[in-house]
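>>> Got a sequence here, can you model it:
(one chain, ligands or ions: 2)
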Amino acid sequence: MNSQCVIIGIAGASASGKSLIAKTIFEELCRDLGTDQIGVIAEDAYYRDQGHLSMEQRVLTNYDHPKALDHELLCRHLQALKTGEAVEIPTYSYSDHTRMADTIKMTPKKVIILEGILLLTDPGLRGLMDASVFMDTPLDICFMRRLARDVAERGRTMESVMAQYTETVRPMFLQFIDPSKQYADIIVPRGGKNRIATDILKARIQHLLAK
Ligand SMILES: Nc1ncnc2c1ncn2[C@@H]1O[C@H](COP(=O)(O)OP(=O)(O)O)[C@@H](O)[C@H]1O
Ligand SMILES: O=c1ccn([C@@H]2O[C@H](COP(=O)(O)O)[C@@H](O)[C@H]2O)c(=O)[nH]1
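Ligands and ions are numbered 1, 2, ... in the order given. Below you'll find the predicted structure:
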C-alpha cells in the first residue's frame with residue numbers, strides 16, 4: 001500500500017524557531033485535517049542511545065555532529081509511515097543525555113512535519129521530503145534563545161550552555177548545518193513567528209494534499 005503522506009522537513013540552527021513554526025503549522029492544520037492526520041517528528045528523538053556510557057562520558061558527546069543521530073532509524077520510520085505502517089518513536093532525555101525507556105506510537109498520517117538541526121545534511125532524509133525549509137535566524141539571536149531555553153527547560157547551567165556553544169554547537173553549525181541551507185526549498189528569516197512563511201508552508205501542504 002502506498003498511502004498519501006506529505007513530509008515537510010524544517011532544519012536550521014539550534015533555537016532558530018524550528019519547533020515553534022512546526023507547532024504552529026501543526027495546530028493550524030489540525031483544524032482542517034483533524035488531529036489524527038498530521039504529526040510532528042523531532043529529529044532530537046533519534047539521538048543515539050547512550051545508556052551504556054557514564055554521565056561523565058555522555059556530557060563529552062558532540063550532539064551537533066551528524067553521527068550523534070540515528071538517521072538510519074528515522075529514515076526507516078518515515079518509509080514505514082509512507083507505506084501505511086505505524087512506528088514506535090523513541091523518546092530522549094536532554095538532562096540524562098540518553099534515550100528513555102518509553103516510545104510513542106505514531107500511526108500513518110497525511111502530513112508529517114519533521115524538525116531538526118541536521119535533517120538537510122542527510123541525502124536519504126532529503127529524498128523523503130516533499131518540501132524543505134531552513135530557519136535562517138541570526139546566530140546571536142539563536143544563542144540568546146538557547147541560553148534562556150536550556151536553563152529554563154533542559155536542566156542546564158548558564159556556564160555549561162556557554163561552554164557547549166563554543167566547543168561544539170557553533171563550530172558544527174558552521175561545518176554542517178549552515179552549508180545544508182543549499183538544499184532548502186524555502187529559507188525563513190527571523191524565527192518561528194514569521195507569519196508569511198507559516199502561511200506559505202500551510203498553502204504548499206494543502207496544495208500537495210490536493211494533488
Ligand atoms: N520569532 C521569535 N520571536 C521570539 N521568540 C522566538 C521566535 N522564534 C522562536 N522563539 C523562541 O525561541 C526559543 C527557541 O525556539 P524553538 O522553536 O524551540 O527552537 P528550535 O526548535 O529551532 O531549537 C523558544 O523559546 C521559542 O519560543
Ligand atoms: O543530550 C543532548 C542532546 C542534544 N543537545 C543539543 O540539542 C540541540 C538540538 O536541539 P534543538 O531543539 O534544535 O535546540 C543541539 O544543538 C545539541 O547541542 C544537547 O545539548 N544534549
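
>>> Give the rounded mean pLDDT of the lengthiest strand in the chain.
Secondary structure of the chain per DSSP state E: the longest strand is strand 98-106. Averaged over strand 98-106, pLDDT sits at 97.

>>> That strand close to ligand 2?
No: Strand 98-106 is not in contact with ligand 2 by C-beta under 6 Å from any ligand atom; minimum separation 7.5 Å. C-beta coordinates here come from the backbone N, C-alpha and C atoms, glycine included.

>>> Would you tell me what helix or strand residue 21 is located in?
Per DSSP states H and E: residue 21 is located in helix 18-33.

>>> How about the helix or strand following the longest strand of the chain and ligand 2, any contact?
Heading C-terminal from strand 98-106, the first helix or strand you meet, by DSSP H and E, is strand 111-115. No: judged by C-beta under 6 Å from any ligand atom, strand 111-115 stays clear of ligand 2, getting no closer than 7.7 Å.

>>> And residue 64, what's its pLDDT?
Value for residue 64, per-residue pLDDT: 98.

>>> about what we covered before: just the residues contacting the longest strand of the chain, thanks.
39, 41, 47-51, 53, 58, 77, 81, 86-93 (C-beta atoms under 8 Å, 6 or more residues apart in numbering).

>>> now with 7 Å?
39, 49-51, 58, 81, 86-93 (C-beta atoms under 7 Å, 6 or more residues apart in numbering).

>>> Of those, which belong to helices?
58, 81 (DSSP state H).

>>> Taking strand 111-115 as reference, get the angle to the helix holding residue 21.
170 degrees (axes from the mean of the first three to the mean of the last three C-alpha atoms, to 10 degrees).

>>> Just the helices from this protein, written as ranges.
18-33, 55-58, 71-82, 123-128, 139-153, 158-164, 170-172, 195-210.

>>> any chance of the ones you listed in TSV, with mean pLDDT, mean neighbour count and distance to ligand 1 too?
Below are the helices of the chain laid out as TSV (pLDDT from 0 to 100; neighbours: other C-beta atoms under 10 Å; distance: least, C-beta to the nearest ligand atom, whole Å):
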stretch	mean pLDDT	mean neighbour count	distance to ligand 1
helix 18-33	96	18	3
helix 55-58	96	11	20
helix 71-82	98	18	16
helix 123-128	98	15	17
helix 139-153	97	15	4
helix 158-164	97	14	13
helix 170-172	98	17	14
helix 195-210	96	14	10
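
>>> Return the member of the contacts of strand 98-106 nearest to residue 121.
Minimum distance to residue 121 across the contacts of strand 98-106 is 18.9 Å, recorded for residue 92 (C-beta to C-beta).

>>> Just give the nearest non-adjacent residue to that closest one, would you?
Spatial nearest neighbour of residue 92, chain neighbours left out: residue 47 (5.0 Å); criterion: C-beta to C-beta, 6 or more residues apart in numbering.
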